[in-house]
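J.: Here is a sequence with its predicted model. Questions after.
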Amino acid sequence: GMSIGGAIFSGNSSIEDEIDRLPIKIEEADVHLREKGRDDADGYGWVNLPYQDLTKIIETADWLARFDAIVQIGIGGSALGNRMLVNALLPPFYNELETPLRRGPRFYLLENSEPATAAAVLNRIDVSKTAFVVVSKSGSTTETIAHFLWVWQIVRDKLGNKAQEHFLVITDPKKGALRKFAKATGCRSLGIPESVGGRYSVLTSVGLATAAAVGIDIEKLLLGARQMDQRLAMRQQIWENPAWALAALNVIHARLGRNMAVMMPYGDGLLAFAEWFAQLWGESLGKNGFGTTPVRALGAIDQHSQLQLYMEGPDDKLITIIDVQNRPGFELPRKIEDDVLREFDFLCDKTLGDLLSIEARSTASALIKAGKPVVYLKIPEISERYVGALVFFYEYVTALVGLLMDINPFDQPGVEQGKRYIYSLMGRPGYQEYESEVEKYFGI
Ligand code: PA5
């Protein structure tokens, strides 16, 4: 059902043929994407999220906002989008701020099965004033369930039959163990649309409920996503439609052997965006021998770390630089008083934000001069509207690239074997047969 008329990459066609075919292929992929979206087909539901009704999510967020702290339990698509939103749209060191600078509860994520982090989070909160938000589409992810079991026990020991009043479950609307738990305990719950997969779910209850509770304007996030959707539906010439153009560039450069996609935003607030992108890109496109490896970088820090490699190392990367036009505040001195510091006069009268943007453009120019392919994206500001637009844009590009490669950008069959091994080593019934395989590789 995924085929859109043969992959753009086929063993025996030349790169010139492929490039010639691209405009037609992309148009086919786009039509397919929008048709499937309209049908709310499995995996394609994210296309409709910009138009959803937020009433239930906002109601739940209002309830969440009354707590002192929120602890969200989830991993992969059930955490990375939250990390990205909080990183981009809340002030740095948010949890350390006092109200009113901190507009909502403190926010913690329990993501990795890391005891040190879990213990540290528990030490920082008062259980009786905390909401625990358990997020899992499948309701069965081991890391998430392990955290959940641990926290549920602690909260129940402490609060007895009031424990469920501190839990919000975000999971499949009908299926799974967490859905059963919500029904059995009567704790609050929200559904994740069935047709939306984990890494495409940041604009569902997964990303939006806790975001709204900490003061992020989720209506504006959707507004940005809607405006992007309308923009992408408008221009139907390959180089005029930014999603088509970026998908095409990715396909061409991958075919030329550039098998890494470097995501290098300039601005600390977009670091977690690069991480969110890495999952979206890697898990969606790494299939059937295709896919380019996402590399997370941060400007300007990685100018002093990775840039040498990007400039003069192997020509195997397509590098994206994201620049931000308006960054508020922080003026450098008007004038330097100390004689010994006069050589830095050139920094006067500018802002730190100017410096960061100048660095973004300078790095892009240097890479171009070195003959390296660069995508330079500029957003007016880091705000709900533009983050919503960026999210939708990259989901769209990722899906298009997947369809052009004739793979399913919405599944992740490659992670199942690892899960089987985990289950077998953790002693889950029905998985014993895999234990011997691990023993074989490790000789234990
Ligand atoms: O993109 C995906 O589907 C995955 O990365 C999931 O988000 C991740 O495995 C977590 O799954 P779940 O939400 O079911 O706990």
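T.: Nice, thanks for sending it over. All of these numbers come straight from a predicted model, not from anything done at the bench.

J.: quick one: the helices in the stretch 101-250 of the chain?
T.: 115-124, 142-159, 177-185, 205-213, 218-234, 242-255 (DSSP state H, counting those that start in this stretch).

J.: Figure out which of the ones you listed is closest to residue 63.
T.: Closest approach to residue 63 among the helices of the stretch 101-250 of the chain is made by helix 205-213 (8.3 Å; CB to CB). In short, each C-beta sits where N, CA and C put it, glycine included.

J.: Against which helices or strands is the closest one packed?
T.: helix 55-64, strand 69-73, helix 80-89, strand 130-136, strand 167-171, strand 188-191, helix 218-234 (3 or more CB pairs under 8 Å, 6 or more residues apart in numbering; DSSP states H and E).

J.: and it, anywhere near the ligand?
T.: No. Figure legend: helix 205-213 not in contact with the ligand (CB under 6 Å from any ligand atom); closest approach 7.5 Å.

J.: Using CSV, list the CA coordinates for that helix.
T.: Extracted C-alpha coordinates of helix 205-213, given in CSV (Å, rounded to 0.1, in the frame of the first residue of the first chain):
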residue,chain,number,x,y,z
SER,A,205,-2.1,15.5,24.0
VAL,A,206,1.4,13.9,24.3
GLY,A,207,3.2,17.2,23.7
LEU,A,208,0.4,19.7,24.4
ALA,A,209,-1.1,18.8,27.8
THR,A,210,2.0,19.4,29.9
ALA,A,211,3.1,22.2,27.6
ALA,A,212,-0.1,24.2,28.2
ALA,A,213,0.2,23.5,31.9
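
J.: per-residue pLDDT, the residue of the stretch 151-300 of the chain found nearest the ligand?
T.: Residue nearest to the ligand within the stretch 151-300 of the chain: residue 198 (2.1 Å; CB to the nearest ligand atom). We have a pLDDT of 98 for residue 198.

J.: Could you give the number of residues near the residue lying closest to it once chain neighbours are set aside?
T.: Nearest non-adjacent residue to residue 198, counting by CB to CB, 6 or more residues apart in numbering: residue 77, 2.6 Å away. Using other CB atoms under 10 Å, residue 77 has 28 other residues around it.

J.: measure residue 77 to residue 200 for me?
T.: Distance of residue 77 to residue 200, given as CB to CB, to the nearest Å: 7 Å.

J.: again with residue 96
T.: Residue 96 is 32 Å from residue 200, by CB to CB.

J.: With neighbour numbers in mind, choose between those two.
T.: residue 200 (26 against 10).

J.: between the helices and strands packed on helix 205-213, which gets nearest to residue 297?
T.: helix 80-89 (15.2 Å).

J.: Next one: residue 373 from residue 82, what distance?
T.: 32 Å.

J.: go on, residue 372?
T.: 33 Å.

J.: between these two, which one's more packed in?
T.: residue 82 (28 against 20).

J.: Please name the residues that touch that one.
T.: By CB atoms under 8 Å, 6 or more residues apart in numbering, the residues touching residue 82 are 72, 74, 109, 202, 206, 207, 210, 211.

J.: Include mean pLDDT when you put the helices of the stretch 101-250 of the chain into JSON lines, please.
T.: Below are these laid out as JSON lines (pLDDT from 0 to 100):
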{"stretch": "helix 115-124", "mean pLDDT": "98"}
{"stretch": "helix 142-159", "mean pLDDT": "98"}
{"stretch": "helix 177-185", "mean pLDDT": "98"}
{"stretch": "helix 205-213", "mean pLDDT": "98"}
{"stretch": "helix 218-234", "mean pLDDT": "97"}
{"stretch": "helix 242-255", "mean pLDDT": "95"}
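
J.: Would you tell me which one of the ones you listed is buried the most?
T.: helix 205-213 (a mean of 28; mean count of other CB atoms under 10 Å).

J.: Now find how far off-centre it is within its chain.
T.: Helix 205-213 sits 14 Å away from the centroid of its parent chain (CA atoms, centre = their mean, to the nearest Å).

J.: tilt between that helix and strand 130-136?
T.: 160 degrees (axes from the mean of the first three to the mean of the last three CA atoms, to 10 degrees).

J.: And residue 147, how far from the ligand?
T.: 11 Å (CB to the nearest ligand atom, to the nearest Å).
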